[in-house]
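In: model the structure of this input:
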Amino acid sequence: DSDWIYSWNKDGSGVSSEQEYRISSAETSHAGKYTCRGRERGGSHSSHTSDAVTLTVSEKPKPELTASREGAVLKGNSVTLSCTLKLQSDGWKFYWIKPTQSTETHSYNISSVSVSDGGQYRCRAGRGNPVYYTHYSDALWVNVTESPKPVVTIKPDKHVFRGETVTLRCEIQGGGDTEWTYSWNKNDNTLYPYRTTQEFSFRSVINDNSDKYTCRGRRNSDSQSSEISDAVTLTVSG
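Out: The predicted structure is shown next:
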C-alpha cells in the first residue's frame, strides 16, 4: 500500500525498504531470519514488527530416480518411476527425459509397457517463476523384454466324447513349473483365478457343445503376467 513505508531486516540488519523483498538468485549467504515492519508515510505511526521467518538455503538438490520393479519388465505389465527429493518441500513440478513431459507428482506410471518404452530415463524438478531447476537425476535404465506366451494343450484330444476325462495344461516355454501361477478362462470368463498347478481336469465330460479355453501365467517372484494364450476349442460330442 502506498500509504506505508516498509523496512526489512535480516538477522537484525536492514536489507530493504520495498514492500516486497526479492532475492533473484539465492545463495547460502541469504539464509537467516527475516522480519518486516511498516511506518505510515508522512506520519508517526508504525506497525509492530512481524514474526520472524527463517529462510534456509541449501545446495542445489539432485533427485533420486527409482523404479517399482527390479530387473526386466515384461511387455504388457506396469512400472512406476519415482523422482524423489531428499529434502521435502512444496511447489515442485517434475520433468522427465525419455518421455519429454512434466507431471505434478513425483511419479510416472506406464500402465502397459511396450518394448519402445525401454531405455534410459532421467528426471529433475522445478518450481517458481522463473522456474528454478534441480540437477538431473542419475540415469535409470528400464529394460523391457517380450512377455512369454503360454500354450494350452488338451489330453487326450481336442475332440472328446461324453464320459471321458479331459486334462488341460498351461505350458510357458522356459518359465519353469515352480516360477508361475496360472489363471484359466473359459469362453472369456474366469474359470479358475491364479492357482499353483499347471493342469486341471474334468473328471467326466457331460456337455454336448464346444468351449474355448485360454490361460495366463503370473510370475511368483515379481507378480508380472505373461501374455494370454491363444484359445483352444474343446469339442464334446456323444
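In: count of residues packed around Phe94?
Out: Counted with other C-beta atoms under 10 Å, the neighbours of Phe94 add up to 23. In this view, the C-beta of every residue, glycine as well, is placed from N, C-alpha and C.
In: secondary structure element holding it?
Out: Using DSSP states H and E, Phe94 falls within strand 93-97.
In: and that strand, which residues are buried?
Out: The neighbour-count check on strand 93-97 (16 or more other C-beta atoms under 10 Å) flags 94-96 as buried.
In: what's the answer for stretch 135-149, then?
Out: For stretch 135-149, burial by neighbour count (16+ other C-beta under 10 Å) applies to 137, 140, 142, 144, 147-148.
In: could you do stretch 31-40 as well?
Out: For stretch 31-40, burial by neighbour count (16+ other C-beta under 10 Å) applies to 32, 34, 36, 38.
In: just how off-centre is the particular helix or strand that has the second one in it within its chain?
Out: Tyr34 is located in strand 32-40, with elements delineated by DSSP H and E. Averaged C-alpha coordinates place strand 32-40 at 44 Å from its chain's average position (C-alpha atoms, centre = their mean, to the nearest Å).
In: whichever helix or strand comes after that strand packs against which elements?
Out: Going down the chain from strand 32-40, the next helix or strand is strand 53-55, by DSSP H and E. With contacts taken as 3 or more C-beta pairs under 8 Å, 6 or more residues apart in numbering; DSSP states H and E, strand 53-55 sits against strand 32-40.
In: CA atoms only for the strand it packs on - export them in CSV, please.
Out: In CSV, the C-alpha atoms belonging to strand 32-40 read as follows (Å, rounded to 0.1, in the frame of the first residue of the first chain):
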residue,chain,number,x,y,z
GLY,A,32,18.7,-16.2,8.0
LYS,A,33,15.7,-14.8,10.0
TYR,A,34,13.7,-12.1,8.2
THR,A,35,11.3,-9.6,9.7
CYS,A,36,9.4,-6.6,8.4
ARG,A,37,7.5,-3.6,9.7
GLY,A,38,5.7,-0.7,8.3
ARG,A,39,5.6,3.1,9.0
GLU,A,40,2.8,5.3,7.9
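In: check which helices and strands it is in contact with.
Out: On a contact count with 3+ C-beta pairs under 8 Å, 6+ apart, strand 32-40 meets strand 4-10, strand 53-55.
In: would you mind finding the most buried of those?
Out: Highest mean neighbour count of the helices and strands packed on strand 32-40: strand 4-10, a mean of 17 (counted as mean count of other C-beta atoms under 10 Å).
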